[in-house]
Structures are given as C-alpha cells and as structure tokens.
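A.B. asks: Need a 3D model of the sequence below.
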Amino acid sequence: MEKLDGYNIKKLNLNLIKRGDIISFDGPLLSHFYDENGINYLMNWVDCDDNLNRWLLFTVEKYSLYEYFSKTKSLKNLIKDSNEIVYFLDIDNNIETKNVMIISKAKIPRSYLPTTDSYFDDEISTKYSKNLKDEILNVYSNYNLKNVVRKIKNYDLHNNDIGFKQILDKRNIKNTLMEIVILKATETPLRILVDHYKHLNSFEHILSRAHSAYKNPFELDAYFYELDNVLNTKVGIAHYPERSHPEIDIRNTFGNLVKCTIGIVESNPEKYHKYFESWKTDIRDTDLELSDLIGHD
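C.D. replies: This next block holds a predicted model:
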C-alpha cells in the first residue's frame, strides 16, 4: 500500500454510526456515516494488502450529495470539496481498525483519488443508496434554488444574512410554525422508538437531525422524509399506505409515528406507559390540533 504523509493517531476521535453502503461490488466500496452532531461522512475503499483494507474517510455536505446523485458532481469532486483534514483507516478482516492516520487533503496520493468521471453509478448502487438518493433529490428538487446554491451549501453560516433570508421567504423556503410544532412533538415518540428498536440506527439518526431541522427547512423536509420512509419500510407497519408521490404530508407522518408508538407502549406498558401518557397530556394542553392525531382515551 502507498506510504502516507500524515500523523498517526491511536484511534479515530469521532463517534461514527453507519447508515449504509452507497456503492457495493463484491463488498462495500463507498459507505455513508454520520456523527452525533448529524455531520455526514463518506468512507471510500482505496487500497488493500494481504491483511488490511485501507479506507479514506471525509466529510460531505448534504447538498454535495444532491449534486452527486444528480450526476453533476463526481466522487473525486466530493473529496475535493470536503474538509481540509481527512482520515485514512486500515481495517482488518475482522473489521478491527489497526491504523488511523490524519493527513491534509492535498497530500492524498494520486492513486487513491477516484477518476474524473467517478459519477454515481446506478448499476453498482445499493438499495440503501437508492433510498438516500430519493430522499435527497426530492428534498432539494422541490424548490427554486437559482443563485442561492453557494449559501445553501453553508446554510448555518448565512442564518443572519437578511438578503438570503428574504430570497428564501419569497420562494417559500422556510419552516412554518405548524411544522416546528409537529417537529417538536415527534421527539418523545422517537425516543421510545430508539429505545425499542435498538438493532436499528435509523431512528437515532433522525433524532440527530432535529437540532438543525428547527433552523434549516431542507433539514426539516429530510427529517420527515426519512421518518416517513423508515415507518413504511424498516418498522414493517403493513397498514401504512405507500406514498404515491414524493411530497410528504408531515401531519400524516406524525400520525403514523404516533400509531407505531402506541403499539410499542401497549406491548410494554411498564416501561413506556407513564412517559407516553405524560407526553400526550402535554400535547393536549398545548395544541388542540395535534391532540386530534394522538387519539382520545
């Protein structure tokens, strides 16, 4: 394997959770991770020897994934646009990390960079990547993003940019009060689902997006899109109707979340009943419109 010009560290100082593999061919080649702050990472296979596989780990912005899935930006350019510092991990066949190195993006060996035409390829994509592609394309395709793409890529940095906010308001790219209320109301049911479905990281990932969803309308859309998708696929709630088009009715998604949570609470009342009933009381006391979606005793 290539000699790397960087700094060895004892272990990766990131708490990463894997969401899924984006590209796989006789095994994963490109995988998607996130950390406790909801920051997205990609891990790309680059090299191997008889004992180890070497992976390049780097950050990726959500809009950059939109460009990648739209086939307007290559994997090589995703790496180019990532943070200045990247990681190389040498992992053995038992999935144990043996070496971790931090290096400057500029010092990545040329042989480890993808080709210029390394665009997303549906032929070697996975079921997970197809779901992620649908989520991201539908979130960003709903809006007129002309002339604001650069600021959207760094949305948090432009929260106080009055001109930017005015453009978004005129294009109806904003969170409504009702959307914020429903977002807040999802958190307790989601915590119950996180605890109940410990074998899944999907609900935990959705919760990790909540903080940014309050401020970022694209993250709010993605939050409910992912929640709707997980309720319809991974939880296996057969009586939820399949979506006929990409737009999400967040009231319906919230209602489905409540139905799923009620089933869990009824199956384990000693653990969840008191917690869930306290949440229902708060909802009924603060929002009559939402109280209709949680049922009446």
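A.B. asks: Please name the residues that touch residue 53.
C.D. replies: Contact analysis of residue 53 by CB atoms under 8 Å, 6 or more residues apart in numbering lists 45, 47, 90, 91, 92. To be clear about C-beta, it is placed using only N, CA and C from the backbone, and glycine gets the same treatment.
A.B. asks: by contact count, what packs against the host helix or strand of residue 270?
C.D. replies: If you go by DSSP states H and E, residue 270 is part of helix 269-286. Counting contacts by 3 or more CB pairs under 8 Å, 6 or more residues apart in numbering; DSSP states H and E, helix 269-286 is packed against helix 177-196, helix 250-267, helix 288-291.
A.B. asks: got the angle between the second one and helix 177-196?
C.D. replies: Interaxial angle of helix 250-267 relative to helix 177-196 (axes from the mean of the first three to the mean of the last three CA atoms, to 10 degrees): 30 degrees.
A.B. asks: Tell me which stretches of the chain form strands.
C.D. replies: 7-9, 17-24, 28-34, 40-48, 52-59, 85-92, 97-104 (DSSP state E).
A.B. asks: and the gap between the residue nearest the centre of the chain and residue 229?
C.D. replies: Nearest residue to the geometric centre of the chain (CA atoms, centre = their mean): residue 205, 6.4 Å. Taken as CB to CB, to the nearest Å, the spacing of residue 205 relative to residue 229 amounts to 12 Å.
A.B. asks: try residue 220
C.D. replies: From residue 220 to residue 229 the distance is 15 Å (CB to CB).
A.B. asks: So between these two, which is more surrounded?
C.D. replies: Higher neighbour count among residue 220 and residue 229: residue 220, with 24 against 19, using other CB atoms under 10 Å.
A.B. asks: To what extent is the residue nearest to that one when sequence neighbours are not counted buried, counted in neighbours?
C.D. replies: Ranked by CB to CB, 6 or more residues apart in numbering and with sequence neighbours excluded, the top spatial neighbour of residue 220 is residue 213, at 4.2 Å. Burial of residue 213 is recorded as 22 neighbouring residues (other CB under 10 Å).
A.B. asks: State the pLDDT value of residue 213.
C.D. replies: Residue 213 is assigned a pLDDT of 92 by the prediction.
A.B. asks: pretty sure the residue nearest to the centre of the chain contacts residue 20?
C.D. replies: No - the pair formed by residue 205 and residue 20 falls short of the contact definition of CB atoms under 8 Å, at 10.2 Å.
A.B. asks: Which helix or strand in the chain has the lowest average pLDDT?
C.D. replies: None of the helices or strands of the chain scores lower by mean pLDDT, DSSP states H and E than helix 288-291, at a mean of 71.
A.B. asks: ok, residue 87 to residue 59 distance?
C.D. replies: 10 Å.
A.B. asks: With residue 20 instead?
C.D. replies: In terms of CB to CB, residue 20 sits 17 Å off from residue 59.
A.B. asks: One more: residue 99?
C.D. replies: For residue 99 relative to residue 59 (CB to CB), the value is 20 Å.
A.B. asks: So which of those two has more stuff around it?
C.D. replies: Higher neighbour count among residue 99 and residue 59: residue 59, with 20 against 14, using other CB under 10 Å.
A.B. asks: Dig out what that one forms beta bridges with.
C.D. replies: Beta-bridge partners for residue 59, by DSSP bridges, are residue 41.
A.B. asks: With that, I have no additional questions.
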